[in-house]
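S.K.: take a look and give me a structure for this.
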Amino acid sequence: MSGLIARLGRHLDLTDAEREAITRAERGERRLKAGEILMAEGGESHALYVVRQGWLHSSTKLITGGRQILRFHYAGDLIGTSSMAWSQAAATLTAISDCWVIELPKTELGLLFRAQPRIAGLLYAIAAAENVAMSDRLTTIGRMGASERLSTLLLDIMARLRVTAGGIVDSFDLPLTQTDIGDALGLTKVHVNRTIRALEKAGVIERNGRRVRIVDEAALVATTGFTDRYGEIETAWLPPAV
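M.R.: Here you go, the predicted structure:
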């Protein structure tokens, strides 16, 4: 099954026509190795991509030569939406782990929107929710300390994976390096390491290799004010299915 169909199917009972329209819009599958760039900032932007397997991140270059990681992406995500308004990519999409992605050309997306307006509305609603979630994270980075920043990131990843991967309760594999985490949170690698150890010592998370378990989700939510923006999407306003 298409990752996008699975993702949208969590919020709507898709019709056969909607499923077929999504399948028609999707093009060839592409494999990426960890570290490989799918789309480069400033390069041509003619398509979006559906993540079938693996993790990616979107980032932008800083004038100092560093980078700011803007968002992490998982199976079922439609990525490249930040470049929809332009013919050039607004951010760089990079594989964190080995990935499979499916191309969705902008022209095909336009045809999908015209033929199935309910799908267009749902994708817009999901994008709006993700933008609010990004605003939440930026507020945390600008106004909170390292512990709250990292806690918010872990809670955000958990909430996203509960929607895109399914079946996840309180733990997940985290393929991010401490440099990746630092570039997402505005922290040094040393500070990230120290903060992870502090959360472990406090008993709110556990690690076993790359596996991270949220031991006390309620405590992390209480200290950060985290709100899950992904689990529930309002669909009552959407137009009827064609």
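S.K.: so who does the closest residue to Pro175 other than its chain neighbours touch?
M.R.: Nearest non-adjacent residue to Pro175, counting by CB to CB, 6 or more residues apart in numbering: Ser97, 4.6 Å away. For glycine as for every other residue, the C-beta is placed from the backbone atoms N, C-alpha and C. Counting by CB atoms under 8 Å, 6 or more residues apart in numbering, Ser97 touches 34, 54-55, 175.
S.K.: grab the most central residue of the protein for me.
M.R.: In the chain, the residue lying closest to the centroid (CA atoms, centre = their mean) is His73, at 3.3 Å.
S.K.: that one contacts Thr81, doesn't it?
M.R.: No. Under the criterion of CB atoms under 8 Å, His73 makes no contact with Thr81, lying 10.3 Å away.
S.K.: please enumerate the shared neighbours of those two.
M.R.: Shared contacts of His73 and Thr81 (CB under 8 Å, 6+ apart): none.
S.K.: which helices and strands does the longest helix belonging to the chain pack with?
M.R.: Secondary structure of the chain per DSSP state H: the longest helix is helix 117-143. Applying 3 or more CB pairs under 8 Å, 6 or more residues apart in numbering; DSSP states H and E, one finds that helix 117-143 contacts helix 3-9, helix 16-25, strand 67-73, helix 106-115, helix 146-164.
S.K.: in it, what's buried?
M.R.: Across helix 117-143, burial judged by 16 or more other CB atoms under 10 Å covers 118-123, 125-126, 129-130, 133, 136-137, 140-141.
S.K.: would you indicate which residues of stretch 233-242 are buried?
M.R.: Within stretch 233-242, the residues that count as buried by 16+ other CB under 10 Å are 233, 238.
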